[in-house]
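1. My questions concern the predicted model and sequence given below.
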Amino acid sequence: MSSSAQQVFRKIVHSRRSVRRFIPKKTIDDDILKDILESSMRSPSSFNLQPTQIILVQDDDIKKELAEKCMLGMGNQYRTRDAPVVAVFLSDLEVTKRISRIEALEKDTSSRDPNYLNMLPIAASFLAGEGHAATFLKQVSTDFLSFNNKSMPCIEPVQAWSYKNTSLLGQTYMLAASSYGIGTCIMEGMDGRKVKEILRIPDRYAIPFAIATGYDYDNETKRTPRLDLNEICFRDSFGIPLTFDDTNEDDDDDKSSSKKAA
């Protein structure tokens, strides 16, 4: 990858903000929205099952109803009303129903080894098991085998599994929007039951978050602080500080300067 591509990506990442106020009535062109969504779809997902649906809410009356009946807090209510697009992300809780479609897609594109495709339905069904009883039984059995020195996956409820995959797509969506100078704000504070009722979402899906999308009202949203790298990242095991040796980079700069001077 070229250094210019790295610089562009870094600029996009560092330009992303959680926009607190959007310009009302300033719409986003359809070709831009389409490109943002197509870029988002390149996000990875476990077994490529892509357990996410997205509803783009653009109708003013529906946004107003969501703001008044579903959103928690004045900030989320204002953003839902003012943003030209509110992207509601849905996570599939009946993931096994997607397997046949994905399996056919993989076969059509010849992108997978046949052996992988043969084990896909079994492995995906096991790891993304649905229902509390099924999850509990799998947790007990895998914990037992792991205790007896057999490497086993950690079984988690399907909602947690699906939310993780949807979150990857949500992050890509926000970065893709940022590449167009479009602001976003992820919103979790909502009554998901009422959202499902208004948008007629089947019980099969849960709503991890919605993302207000539009143009920043004052374009001066401040960056919120982040913890230092050494507070988050460790080397080799938990608690061991992660440090980087920058001397080589400095030496290279010195050598380059010396050559230019010579």
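-> It's in.
2. Dihedrals phi and psi, the closest residue to Val19 other than its chain neighbours?
-> Closest residue to Val19 apart from its sequence neighbours, by Cβ to Cβ, 6 or more residues apart in numbering: Gly183 at 3.4 Å. In short, each C-beta sits where N, CA and C put it, glycine included. Dihedral angles phi and psi of Gly183 (degrees, to the nearest 10) take the values phi -90, psi 160.
3. Beta-bridge partners for Gly183, please?
-> Counting by DSSP bridges, Gly183 forms beta bridges with Gly214.
4. Just give me the neighbour total for it.
-> 26 (other Cβ atoms under 10 Å).
5. For the stretch 51-200 of the chain, which segments count as helices?
-> For the stretch 51-200 of the chain, helices defined by DSSP state H, counting those that start in this stretch occupy the ranges 60-69, 74-82, 99-109, 114-127, 132-147, 158-178, 192-198.
6. Which of those comes out lowest on mean pLDDT?
-> Of all the helices of the stretch 51-200 of the chain, the segment with the smallest mean pLDDT is helix 132-147, scoring a mean of 60.
7. where in the stretch 151-262 of the chain is pLDDT low?
-> Applying pLDDT under 70 to the stretch 151-262 of the chain flags residues 151-155, 220-221, 246-262.
8. so which of the helices of the stretch 51-200 of the chain gets nearest Arg235?
-> Nearest to Arg235 among those is helix 158-178 (24.7 Å), distances taken as Cβ to Cβ.
9. How about that closest one, which residues are buried there?
-> Buried residues in helix 158-178, counting neighbours by 16 or more other Cβ atoms under 10 Å, are found at 158, 161-163, 165-167, 169-170, 172-178.
10. partner residues bridging Asp92?
-> Asp92 has these beta-bridge partners by DSSP bridges: Tyr205.
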